[in-house]
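Asker: Quick one, structure for this:
(chains A, B, C and D, ligands or ions: 2)
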There are 2 protein chains.
Amino acid sequence: MNQQSGSVVDSQAPEKRADKHVSLQTVERLSAYRRVLEELDRDGVDYVHSHRLAALVGVTPAQLRRDLSSFGSFGNISRGYNVYQMGRTIGRIMGTDATQAVALFGVGDLGRALLSYRGFEERGFHIAATFDVDSEKVGRVFAGRRCYGLDALETVLAEFDVHMVVLASRPEGLQALVDRIAAAGVRAFLNFVPKRITTPADCFVENTDISAKLEKLSFLVRSAIGT
Amino acid sequence: MNQQSGSVVDSQAPEKRADKHVSLQTVERLSAYRRVLEELDRDGVDYVHSHRLAALVGVTPAQLRRDLSSFGSFGNISRGYNVYQMGRTIGRIMGTDATQAVALFGVGDLGRALLSYRGFEERGFHIAATFDVDSEKVGRVFAGRRCYGLDALETVLAEFDVHMVVLASRPEGLQALVDRIAAAGVRAFLNFVPKRITTPADCFVENTDISAKLEKLSFLVRSAIGT
DNA sequence: CCTGTACTGTGATTGTATTCACAGTAGCTC
DNA sequence: GAGCTACTGTGAATACAATCACAGTACAGG
Ligand SMILES: NC(=O)c1ccc[n+]([C@@H]2O[C@H](COP(=O)([O-])OP(=O)(O)OC[C@H]3O[C@@H](n4cnc5c(N)ncnc54)[C@H](O)[C@@H]3O)[C@@H](O)[C@H]2O)c1
Ligand SMILES: NC(=O)c1ccc[n+]([C@@H]2O[C@H](COP(=O)([O-])OP(=O)(O)OC[C@H]3O[C@@H](n4cnc5c(N)ncnc54)[C@H](O)[C@@H]3O)[C@@H](O)[C@H]2O)c1
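Answerer: Ligands and ions are numbered 1, 2, ... in the order given. This next block holds a predicted model:
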């Protein structure tokens, strides 16, 4: 669960404190670094230089080094970065070194696709429980996870120690749902519903609007025609 | 449906030329503005001030006005912005005033969820054709759209006049697939596969990595604990 | 018709992210 | 073990985005 990296065993912690103020964009790139590092690890690569890693991720070497330097020094000056260790370190920074429980709201087409997706477990997220308002769905089990009604919300979130939720329900009543989830102590929301939500100040929201991405692409293609 | 606004009627085109260099973040916000404008329109609101619209979207009034000013002047100084007209204008800027054909690659769990999603049509995108390598799926019809094999790729993309694709296949062979799609003249890729792809310089790629979003949230929650 | 009000559009300013460029050094060569 | 090489980590410089603040103006009210 969310135990805090057990003992001192896997420490030799290279990261200083993360006090240097880390930008959000840096955090997003950390995920990409880790994904590539895991691939390299599978391929048996032990060390990698900033140039090579940056090329694989698609950023400049300077940016990669700057990003990492927000957390301290990892690199061996002439061998580069230790692939395995740096992957572990990024995991520790992001808190994905231990599996976290996540709850899903809305077991519709999208929700079921997310449920059957293996990629989350690989990155340390376990959808532990699902919720829906549809009485046909409540009580059933989807991809191994039970679907609860909203009346069990507080109980179930506490029981599974959920601190992050995925929203894939309908726009109607979404804000009320969010208020209730936040009141239950959840501070992170991944929202797929194309509707703005507001939360207490200590919460974090990530919106994913797929149509907006298509619109962005449409704009880019169109505006590049005259280029 | 997607007829093109008939004649000169709704013109009096307020936007200048889009030559002032528009930042990507501005474009992303345009989608959000349009979504709220449509809601206001449904509610029968005719005019809206920058303060109110900004509050609904969650940005500052200054930013909203700055974003719009990249495209020219729309606002009536004392009544504010005409809700209907500005929605239309943003649609025109983004090229979503007429429906565009999109192709989907990979009719798996995610692909089928996308196929059944009505939100795309509402925003001017029509998934016209799907592709898969699975011989069980090729030839079948999913949510009204036929699934083609990859051998028909060039023909079908041309037939439906596809200029944007959604990638929801497997990581294996993805780059080769992308190369072929790009060679067929497609310049916009919405990629759900957690694998970096490279394209010719005149193409645009939007990646959507859902796990990365969860990782970002995990980092934020964790790093805010000490705050 | 004139004055006051409250809005937009935008130059100027501030703040933030990225890139440059190099000091400092671990290891490799001879 | 001295010298060379090529790398990392980071201060300084640049580029970019957000915010401030106000000039200019359409309208309401009298
Ligand atoms: N399907 C997609 O590809 C896709 C893409 C982008 C965004 N979205 C958004 O994701 C959301 C879900 O999409 P979908 O296609 O799965 O829709 P869906 O209609 O198939 O499923 C929605 C599910 O949410 C449940 N629900 C409704 N209100 C709820 C509530 N208050 N609490 C818990 N559950 C509730 C419904 O009973 C239903 O089972 C929608 O808001 C949609 O706009 C979907
Ligand atoms: N399911 C999710 O919720 C989810 C979430 C995030 C990312 N993704 C990613 O989206 C992709 C699809 O996910 P999924 O759950 O639908 O997987 P899936 O295995 O259910 O479906 C993949 C489909 O793509 C087809 N395919 C494989 N190679 C292809 C090719 N070269 N051309 C065309 N079709 C091809 C397969 O035959 C299959 O039908 C995966 O890469 C996955 O990592 C999925």
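
Asker: Counting by contacts, list what whichever helix or strand A:Val165 is part of packs against.
Answerer: Assigned by DSSP states H and E, A:Val165 falls within strand A:164-167. Secondary-structure packing of strand A:164-167 (3 or more Cβ pairs under 8 Å, 6 or more residues apart in numbering or on different chains; DSSP states H and E): strand A:100-105, helix A:174-183, strand A:188-191, helix B:210-225. From N, CA and C alone the C-beta is placed, and that goes for glycine too.

Asker: and those as JSON lines, adding mean neighbour count and distance to B:His49?
Answerer: Shown next, in JSON lines, are the helices and strands packed on strand A:164-167 (neighbours: other Cβ atoms under 10 Å in any protein chain shown; distance: least, Cβ to Cβ, whole Å):
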{"stretch": "strand A:100-105", "mean neighbour count": "24", "distance to B:His49": "34"}
{"stretch": "helix A:174-183", "mean neighbour count": "17", "distance to B:His49": "23"}
{"stretch": "strand A:188-191", "mean neighbour count": "23", "distance to B:His49": "27"}
{"stretch": "helix B:210-225", "mean neighbour count": "21", "distance to B:His49": "33"}
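
Asker: so how far is A:Met86 from A:Val22?
Answerer: Look at A:Val22 and A:Met86: by Cβ to Cβ, to the nearest Å, they are 16 Å apart.

Asker: Repeat that for A:Phe192.
Answerer: 31 Å.

Asker: go on, A:Gln63?
Answerer: For A:Gln63, the distance to A:Met86 equals 16 Å [Cβ to Cβ].

Asker: who has more neighbours, these two?
Answerer: A:Met86 (23 against 15; other Cβ atoms under 10 Å in any protein chain shown).

Asker: mind checking pLDDT for A:Pro14?
Answerer: A:Pro14 carries a pLDDT value of 42.

Asker: For chain A, which segments count as strands?
Answerer: A:47-48, A:81-82, A:100-105, A:125-131, A:141-142, A:145-148, A:164-167, A:188-191, A:204-207 (DSSP state E).

Asker: Which secondary structure elements does the last one sit against?
Answerer: Contacting strand A:204-207 under the criterion 3+ Cβ pairs under 8 Å, 6+ apart are the following elements: strand A:188-191, helix B:210-225.

Asker: Sheet-wise, list the partners of that strand with their directions.
Answerer: When pairs are called by DSSP bridges, strand A:204-207 turns out to pair with strand A:188-191 (parallel).

Asker: quick check: mean pLDDT across the partner strand?
Answerer: 98.

Asker: Return that strand as PDB; C-alpha atoms alone will do.
Answerer: The C-alpha trace of strand A:188-191 is given here as PDB (Å, rounded to 0.1, in the frame of the first residue of the first chain):
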ATOM      1  CA  ALA A 188      -6.100  13.800  -6.600                       C
ATOM      2  CA  PHE A 189      -8.600  13.700  -9.500                       C
ATOM      3  CA  LEU A 190      -8.000  12.500 -13.000                       C
ATOM      4  CA  ASN A 191     -11.000  13.800 -14.900                       C
END
